[in-house]
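Colleague: got a sequence here, can you build the structure:
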Amino acid sequence: MKVLVPIKRVVDYNVKVRVKADNSGVDLANVKMAMNPFCEIAVEEAVRLKEKGVVTEIIAVTVGSKAAQEQLRTAMALGADRSILVETDQEDVQPLAVAKVLKALVEKESPDLVILGKQAIDGDNSQTGQMLAALTGMPQGTFASEVVVADGKVNVTREVDGGLQTVALDLPAVVTTDLRLNEPRYASLPNIMKAKKKPLETVAPGDLGVDLASSTKTLKVEPPAERQAGIKVASVEELVDKLKNEAKVI
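Modeller: Residues are numbered from 1 along each chain as shown. Got it, this is the predicted structure:
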């Protein structure tokens, strides 16, 4: 059983994001980059399925610049067998374009399962997995908190407003991962060294017949407005007075 795991290179979640002086985008100069946390969960789930003997091959894939090889090597250090970089210098690749790239790779690699993070922490769109399922016609299980593969199906448990919902999907299928699915492992030094020798294929979007041109244009990026500090009140009466006369919300 072959699993395709798309990942994304993003600003490390511990870094405070800064906006460029001209408000044209996020300042990435000398900023620590990392694998998207939800993508780490996807890689971990694929590796766990391989450790159970369900999966035989894990392929990590990303769309980005040459620098994204770092995240692919990390994925291979965590347990992926090989990786594919769809190289482009375009900074803001939209979810639909990524989904089209993944569709081409699905047709090329014929994976039984595609596992990817439910969203990236930079754009927070939560669209790529759903778009990929629509383009390929594969069934989808989104926001998975448990994944079980058995009898030619993948059972995906997902958290919904009323509790838990389990859907049974025929393979091949698309699964997007939620935070509570697992806790990703750390890459060991021996595995990091082994990952350097694992195959990493580089292809161009044109080789896959995909145009990454965006249909949207970012006009301006600016940080959120700073919030004023809160105050303490001595009594309920004072609170009501401030809500009525200062905040004017009652």
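
Colleague: can you map out the helices along the chain?
Modeller: Applying DSSP state H to the chain gives helices spanning 37-51, 69-78, 95-109, 128-136, 189-195, 236-245.

Colleague: between helix 37-51 and the second one, find me the angle.
Modeller: Between the axes of helix 69-78 and helix 37-51, defined by axes from the mean of the first three to the mean of the last three CA atoms, to 10 degrees, the angle is 30 degrees.

Colleague: does anything pack onto helix 69-78? Which helices or strands?
Modeller: strand 33-35, helix 37-51, strand 57-64, strand 82-87, helix 189-195, strand 200-203 (3 or more CB pairs under 8 Å, 6 or more residues apart in numbering; DSSP states H and E). The C-beta positions use only the backbone N, C-alpha and C, and glycine is treated the same way.

Colleague: just the buried residues of the fourth one, please?
Modeller: If I follow you right, that is strand 82-87. Of all the residues in strand 82-87, those buried under the rule 16 or more other CB atoms under 10 Å are 82, 83, 84, 85, 86, 87.

Colleague: name the residues that touch stretch 66-84?
Modeller: Here stretch 66-84 makes contact (CB atoms under 8 Å, 6 or more residues apart in numbering) with 5, 7-9, 33-35, 39-40, 43-44, 46-47, 50, 57-62, 85, 87, 105, 184-185, 187-188, 191-192, 194-196, 198-203.

Colleague: can you give me the mean pLDDT across it?
Modeller: In this model, stretch 66-84 carries a mean pLDDT of 95.

Colleague: related to what we said a few turns ago, export the helices and strands packed on helix 69-78 to a markdown table and tack on distance to residue 246?
Modeller: Output for the helices and strands packed on helix 69-78, formatted as a markdown table (distance: least, CB to CB, whole Å):
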| stretch | distance to residue 246 |
| --- | --- |
| strand 33-35 | 43 |
| helix 37-51 | 40 |
| strand 57-64 | 48 |
| strand 82-87 | 54 |
| helix 189-195 | 57 |
| strand 200-203 | 59 |
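
Colleague: looking at those, which is buried most?
Modeller: strand 57-64 (a mean of 24; mean count of other CB atoms under 10 Å).

Colleague: ok, now how distant is the nearest residue to residue 48 once chain neighbours are set aside from residue 38?
Modeller: Nearest residue to residue 48 in three dimensions, chain neighbours excluded: residue 182, at 6.7 Å (CB to CB, 6 or more residues apart in numbering). Counting by CB to CB, to the nearest Å, the gap from residue 182 to residue 38 is 11 Å.

Colleague: residue 37 reaches residue 120, doesn't it?
Modeller: No: judged on CB atoms under 8 Å, residue 37 makes no contact with residue 120 at a distance of 9.1 Å.

Colleague: could you report the pLDDT at residue 12?
Modeller: Residue 12 is given a pLDDT of 91.

Colleague: phi, psi of it?
Modeller: phi -50, psi 140 (degrees, to the nearest 10).

Colleague: over to residue 121?
Modeller: The phi/psi pair for residue 121 (degrees, to the nearest 10) is phi -80, psi -10.
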